[in-house]
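Quick one, what's the 3D model for this:
(2 chains, ligands or ions: 1)
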Amino acid sequence: MPREGILIDTPFERMTKEQVEKIHQASMEILIDPGLICFNQRATEMFNSNGAQVTPVSPSDHPCWLVKIPEKLVLDALDNAPKTVKLGARNPHNSLIMKGEEPRVFFITGSETNIWLDVEFPTYVKKSDPDTEIMVPEFKPRRGTVADLCQSAHVCEHLETLDGYIRTVNIQDKDITEDNKDVNKFFASLNNTTKHVMSGLTSLSQLDNVVNMAKLIVGGEEELKANPIISFITCLVKSPLQFVDDTTETFIEICRRALPIVVSSSPQAGSTAPIKEAGIMAQINAEVLAGITLSQLVNKGTPVIYGSVPVRARMDTLGDSYGAVETSQYNIDCVQMARFYKLPNYSTSGVCDTKTPGTQASVERLFSDILITLSGPQYLHCAYGLLDCNSVFCLLQAVLDDAHFQMIRFFLKPPRINETEIAETLKQIREVAATPQKLYISYIRRVMRSGELSAPYPFEGDGEADNVFALAYQKMQQLLSKPVEHIDQATTSKIFREIPGILPRLNVYEEGR
Amino acid sequence: MSEDIITLLKENVIQGRKTQDDEGIDEELTGPGVVELTQSALDHDISPAVIIKQGLTAGMQVVGEKFSTKEYFIPDMLASAEAVGAAMDILKPLLEASNVETKGKFAIVTVKGDIHDIGKNIVAILLKGAGYEVNDLGADVPTEKIVEIVREYKPDYLGLSALLTTTMVAMGEVIEALKENGLRDKVKVLIGGAAVSNEYAKEIGADAYCVDGFEAIRVLDACQEAKA
Ligand code: B12
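Numbering: from 1, shown residues only, chains lettered A, B, ... in the order given. This is a model prediction of the structure:
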């Protein structure tokens, strides 16, 4: 049995059917005029030999081509792309089945942040009354390491609401190089969670090492096809409308291996996309469709996911603003576009603008988390623990996020109104009406224990004290002390023997240290 | 046999099963509840004192412990208290006949002008479950009626509930009226409800303010101990 996710009965949508079709039409026009600039030669050749109009752009520092993609090519690709994508997992009960037409939401972490935020609780003494002491959380940023990545995967394994894992932190240890980064980040993730693992690839030279590692874990090539425990995310189109050379090359190679892949685009309304909704929507949709078209030209039937990370620009810095209300609007619009094409969607919520956990972080993430969940994307990169746009990861925040996803998950249970419930209710009402005290309290108990009642906020302090951070920290420590199911010793030995570059300190069986 | 009945009685108190029709927490526990078991204990000539001490009170003791470790919640506490209250109703005539004293008589009302009675009802159930003889006079009760009850029913304790700042003044009036009628020293007055506080209790000359039913049990038990 794969993970259940949350099925949204009636997804929340903003655009009318006509508006969806208008965006589609506008995107089709964009793909022809102005078309896309392609910096990757192989992609250009594939487009060319399949009927796209290709012309060299000159003069230019890098060789590049203008590619105009006709509608037919896009529609064929949409036909060929699988409508159901399976993301496997080390524990098969954690696999995710995503159907483009079914708004079943799975909650996933991400993205790769440079900064890891530690938290400490120093004690402060009140000046006017030195007997009064309080503990105030202090957040300390530092560069992320592979040990942090292991910890984060470990805690995420135990977060109940979390369905899958995108590596949360960029590993920047001294002994991590461009060449060994991929094998280490995939191994650290896979070894500490039995959920699905998705990541970007740093170096194409490492793709086969990573894929071979996955094959060793599941037992072979066919096994990996049936249970793809890893998948990839690529931003091959840089906004506006440019196929990047190296990512496109990586993308082509992943498609050739038929592994699940997210075609993601992240335009910023105001700077790399038009500031108006119609504009950013027409552009991002064109960009994603261009990537999807390429995927099917490379390898018909490649499992692709329509990936959308649209944001609005901040007016003060022109940086990304994930906290902006429009960012949620664009994301929901993209969910609708993917559903229109019957493809599974990767959407974004929960990222916040603020740098540390606190009130603003809670408001920003809860706002987008609720709304975008309601729109029914299949793969919701809802960014447990992410702060400062995409720059900071805080494990404590991830634990806090789990608490509010419990609320969202509970809220989305279907209404429990049926014949039996009504009959039982009428009986209760009549019984209580006949008593002097007129209280229903005695009927609470069974319901209370059946799990039908939502739990109180788990980090509520006693009295007036706000102990949310301290209590969440306790929970985090508890989760860290709970063991995780690592890859078994025999497989670990094989991986360390056959896959070059994995740091010996990641071997939990202490071989070869 | 009689030991079995008492053990079962205690278990059913812990499970909060007033009658055989009630569900407890443990779904496997069916059969007679506290009411039936109390009756059957009497039929087997077990003394009310043993029923109360080793069955009802011992069971409530466990419930209290489970409540303080957060295994039980208020609805559980109330279910057990209600079950014990029902058992006490059965035992009451026997206790009176044999001159065994109950823990004490407690009258409770929501004062004039105030219809809030949820809190008052909960306090009544809890105190009854704790072994007090409770007389619940209802809500929106005029001061004169309260005085009359104190004179005739002679409770050891009088509980006044008020949730409105506009009706809490009626509590002071009740105390004044008790004084005028020479009854103030016959009864201890406890007050409670969202509108009132410790300070207010002092201001009007009440004996205690209780934040909830559990505090009421503590206050009354302390008074009982002081008496003994
Ligand atoms: C439920 C409720 C109602 C229900 C009452 C239903 C019922 N059967 O009782 C209804 C809807 C009918 C109602 C009506 C009104 N209500 Co009203 N109501 C409430 C509410 C939300 C909860 C009260 C409650 O039941 N709490 C749960 C119980 C378990 O708690 P409790 O009563 O505090 O009791 C516990 C303790 O206090 C203590 N305790 C209580 N009494 C006693 C007595 C003794 C002796 C002891 C030892 C202990 C004790 O033990 C209890 C158990 O733990 C409160 C808000 C609040 N925060 O209290 C407003 C509130 C009390 N209501 C309020 C108001 C204004 C009204 C109305 C006037 C509204 C209107 N304009 O019509 C009317 C009142 C009409 C009237 N004449 O009384 C205001 C009062 C403000 C004020 N000025 O004081 C409140 C505070 C809400 C608010 N913030 O505006 N209300």
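
Packing partners of the helix or strand containing residue A:42?
Using DSSP states H and E, residue A:42 sits within helix A:41-49. The contact analysis (3 or more Cβ pairs under 8 Å, 6 or more residues apart in numbering or on different chains; DSSP states H and E) places helix A:41-49 against strand A:53-57, strand A:64-68, helix A:245-256, helix A:277-298. For the C-beta atoms, the positions are set from N, CA and C on the backbone; glycine is no exception.

Report the buried residues of it.
A:43-44, A:46-47 (16 or more other Cβ atoms under 10 Å in any protein chain shown).

Now find how far off-centre it is within its chain.
30 Å (Cα atoms, centre = their mean, to the nearest Å).

try stretch A:217-233
19 Å.

re the thing from before, and the helix holding residue A:42, average pLDDT?
Helix A:41-49 comes out with an average pLDDT of 97.

For that helix, output the C-alpha coordinates as PDB.
Provided in PDB are the C-alpha atoms of helix A:41-49 (Å, rounded to 0.1, in the frame of the first residue of the first chain):
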ATOM      1  CA  GLN A  41      23.100  21.600 -29.000                       C
ATOM      2  CA  ARG A  42      21.600  18.200 -28.500                       C
ATOM      3  CA  ALA A  43      18.200  19.600 -27.500                       C
ATOM      4  CA  THR A  44      18.300  22.000 -30.500                       C
ATOM      5  CA  GLU A  45      19.000  19.100 -32.800                       C
ATOM      6  CA  MET A  46      16.200  17.100 -31.400                       C
ATOM      7  CA  PHE A  47      13.700  20.000 -31.700                       C
ATOM      8  CA  ASN A  48      15.000  20.500 -35.300                       C
ATOM      9  CA  SER A  49      14.600  17.000 -36.400                       C
END
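
Now do that helix and helix A:277-298, the angle between them.
Relative orientation of helix A:41-49 and helix A:277-298, computed by axes from the mean of the first three to the mean of the last three Cα atoms, to 10 degrees: 90 degrees.

Which residues of chain B lie near chain A?
B:16, B:22-23, B:25, B:73-76, B:78-79, B:82, B:118, B:121-122, B:124-125, B:136 (Cβ under 8 Å from any Cβ of the partner chain).

Keep those, but drop any that are not near the ligand.
Among the residues of chain B next to chain A, proximity to the ligand is found for B:118, B:122 (Cβ under 6 Å from any ligand atom).

Which of the residues of chain B next to chain A are buried, as a ChimeraX select command?
Selection of the buried residues among the residues of chain B next to chain A in ChimeraX, burial being defined by 16+ other Cβ under 10 Å:
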select /B:16,22,23,25,74,75,76,78,79,82,121,122,124,125,136
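
among the residues of chain B next to chain A, which are in helices?
B:74-76, B:78-79, B:82, B:118, B:121-122, B:124-125 (DSSP state H).

thinking again about what came up before, right, so the helices and strands packed on helix A:41-49: which one is the most enclosed?
Of all these, helix A:277-298 has the most neighbours on average by mean count of other Cβ atoms under 10 Å in any protein chain shown, namely a mean of 25.

surely residue A:99 meets residue A:344?
Yes: if you go by Cβ atoms under 8 Å, residue A:99 and residue A:344 touch, sitting 6.9 Å apart.

which neighbours do these two share?
Residues touching both residue A:99 and residue A:344 (Cβ atoms under 8 Å, 6 or more residues apart in numbering or on different chains) are A:83-84, A:378.

and which of the residues you listed is nearest to the ligand?
Taking Cβ to the nearest ligand atom as the measure, the ligand lies nearest residue A:378 of these, at 41.9 Å.
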